[in-house]
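Asks: Sequence and computational prediction follow.
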Amino acid sequence: MKIDLHIHTTYSDGAYSPEQVVDTALDCSLDVIALTDHDNILSHKIASDYVKKQGYKLEIIPGVEINTIYKGYEVHILGYYMDPLNHDFCELLKSQQEARVNQTTKIVELLNKKAGIRVKYEDIKSLVAQGGSIGRPHIARAIVSAGGVANVMEAYSKYINDSSPVYVPRKTVSPHDAVEIINDAGGIPVFAHPIDVDISEKLTKELVSYGLRGIEAYHRKHSPAVVEYFSSLAEKFGLIITGGSDFHAPSVNHGAILMGKNFVPSWVYDELIKEKKRIEMSY
């Protein structure tokens with residue numbers, strides 16, 4: 001069984017629509033995928049309906065990636081199998097979306113006033129599927145389109161970074177709150193690509209008490225040694241292990257599809273399903 005439990009679509013900062021993701025997953029011989037857009041779950045139904053309509057054999061796990069900030073670190077929390085109608089979970093997504101809109105609006109104002117770059121909020125919004133999550137990549141692309149810089153990398157280095165005078169940090173929930181809400185919604189909260197957080201072990205210990213149930217040990221950023229480290233950390237805290245490509249777009253340098261490229265053992269799926277059943281029995 002070939003699986004990829006971390007994939008983004010045009011409903012956040014992915015380059016492919018949910019339907020394109022499904023087609024690509026099948027081209028990559030994947031059996032199971034999880035759609036984990038930032039702060040929204042709108043792609044799930046679209047992809048599932050497409051699979052059903054086409055008669056494809058592909059399991060789609062409902063997921064999400066919640067962007068949080070903690071002690072200066074951007075901490076991402078994955079969630080799987082949440083009740084999409086859970087009140088607190090819906091409120092979490094709503095507040096996260098509002099924070100993205102507020103942040104983007106303020107950045108647009110500063111780009112116009114301080115940098116003289118004529119970017120409109122509508123220009124940025126048009127780069128995301130309707131109802132999707134606006135993020136830094138979309139702002140960067142809009143800056144390029146407005147002629148403010150030559151390319152996206154320059155947009156990041158000049159304007160879309162924490163030290164830029166036109167950048168406004170997003171107000172977001174803590175990873176503790178995200179974990180707790182996903183857990184209370186019957187979902188499986190997972191610490192995403194923990195290599196990005198220097199205090200990952202200390203934070204993992206904290207999050208366990210809030211309901212953390214897994215660590216994403218397999219990730220394209222993780223070397224074999226890093227996979228081993230976070231696998232041992234998962235064992236230490238009694239957590240399951242998950243993994244995925246964190247697919248956003250084909251590789252710019254090689255034109256290659258990165259979806260499903262990093263090896264994720266099939267037993268990872270078995271453990272995820274086992275955890276899902278354990279949660280269902282406890283409700």
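Replies: Received the coordinates, thanks. Numbering: from 1, shown residues only.
Asks: Show me which residues of the longest strand anywhere in the chain are buried.
Replies: Determined from DSSP state E, the single longest strand within the chain is strand 59-70. By neighbour count on 16 or more other CB atoms under 10 Å, the buried set for strand 59-70 is Ile60, Ile61, Pro62, Gly63, Val64, Glu65, Ile66, Asn67, Thr68, Tyr70. C-beta: built from backbone N, CA, C; applies to glycine.
Asks: quick one: that strand to chain centroid distance?
Replies: 5 Å (CA atoms, centre = their mean, to the nearest Å).
Asks: which residue ranges form the helices in the stretch 51-200 of the chain?
Replies: Secondary structure of the stretch 51-200 of the chain, counting by DSSP state H, counting those that start in this stretch: helices at 87-114, 121-125, 136-145, 152-158, 175-184, 200-208.
Asks: In the stretch 151-283 of the chain, where is pLDDT below threshold?
Replies: 252-256 (pLDDT under 70).
Asks: what ranges do the strands span in it?
Replies: 188-191, 214-219, 240-244 (DSSP state E, counting those that start in this stretch).
Asks: a markdown table for those, including distance to Asp23 and mean neighbour count?
Replies: Below are the strands of the stretch 151-283 of the chain laid out as a markdown table (distance: least, CB to CB, whole Å; neighbours: other CB atoms under 10 Å):
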| stretch | distance to Asp23 | mean neighbour count |
| --- | --- | --- |
| strand 188-191 | 26 | 28 |
| strand 214-219 | 24 | 25 |
| strand 240-244 | 18 | 25 |
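Asks: want to throw the ones you listed into TSV with distance to Ala15?
Replies: Listed next are the strands of the stretch 151-283 of the chain as TSV, based on distance: least, CB to CB, whole Å:
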stretch	distance to Ala15
strand 188-191	24
strand 214-219	19
strand 240-244	16
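Asks: Which one, of those, ends up nearest to Ile7?
Replies: The closest of the strands of the stretch 151-283 of the chain to Ile7 is strand 240-244. By CB to CB, the value is 6.6 Å.
Asks: Each with direction, which strands does that closest one pair with?
Replies: strand 214-219 (parallel) (DSSP bridges).
Asks: List the contacts of the partner strand.
Replies: 5-6, 78, 188-195, 204, 227, 230-231, 233-234, 239-246, 262-265, 268, 272, 275 (CB atoms under 8 Å, 6 or more residues apart in numbering).
Asks: winner for burial among the helices of the stretch 51-200 of the chain?
Replies: Greatest average neighbour count among the helices of the stretch 51-200 of the chain goes to helix 175-184 (a mean of 23), per mean count of other CB atoms under 10 Å.
Asks: Point out the other elements, helices or strands, that that one touches.
Replies: strand 59-70, strand 73-80, helix 87-114, strand 188-191, helix 200-208 (3 or more CB pairs under 8 Å, 6 or more residues apart in numbering; DSSP states H and E).
Asks: Ile160: neighbour count?
Replies: 21 (other CB atoms under 10 Å).
Asks: Surely it touches Ile139?
Replies: Yes. Assessed by CB atoms under 8 Å, Ile160 is found in contact with Ile139 at 5.7 Å.
Asks: quick one, the longest strand of the chain and strand 73-80 angle?
Replies: Calculated by axes from the mean of the first three to the mean of the last three CA atoms, to 10 degrees, strand 59-70 forms an angle of 150 degrees with strand 73-80.
Asks: so strand 59-70 versus helix 200-208, what angle?
Replies: Going by the same axes, to 10 degrees, strand 59-70 makes 110 degrees with helix 200-208.
Asks: can you dump the C-alpha coordinates of strand 59-70 into PDB?
Replies: Extracted C-alpha coordinates of strand 59-70, given in PDB (Å, rounded to 0.1, in the frame of the first residue of the first chain):
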ATOM      1  CA  GLU A  59      -9.100   6.500  -0.300                       C
ATOM      2  CA  ILE A  60      -9.200  10.100   0.800                       C
ATOM      3  CA  ILE A  61      -8.700  10.800   4.500                       C
ATOM      4  CA  PRO A  62     -10.200  14.100   5.700                       C
ATOM      5  CA  GLY A  63      -7.500  16.200   7.200                       C
ATOM      6  CA  VAL A  64      -6.400  19.800   8.000                       C
ATOM      7  CA  GLU A  65      -3.200  21.600   8.900                       C
ATOM      8  CA  ILE A  66      -3.700  24.300  11.500                       C
ATOM      9  CA  ASN A  67      -1.100  27.100  11.500                       C
ATOM     10  CA  THR A  68      -0.200  28.300  15.000                       C
ATOM     11  CA  ILE A  69       2.500  30.400  16.600                       C
ATOM     12  CA  TYR A  70       4.200  29.600  19.900                       C
END
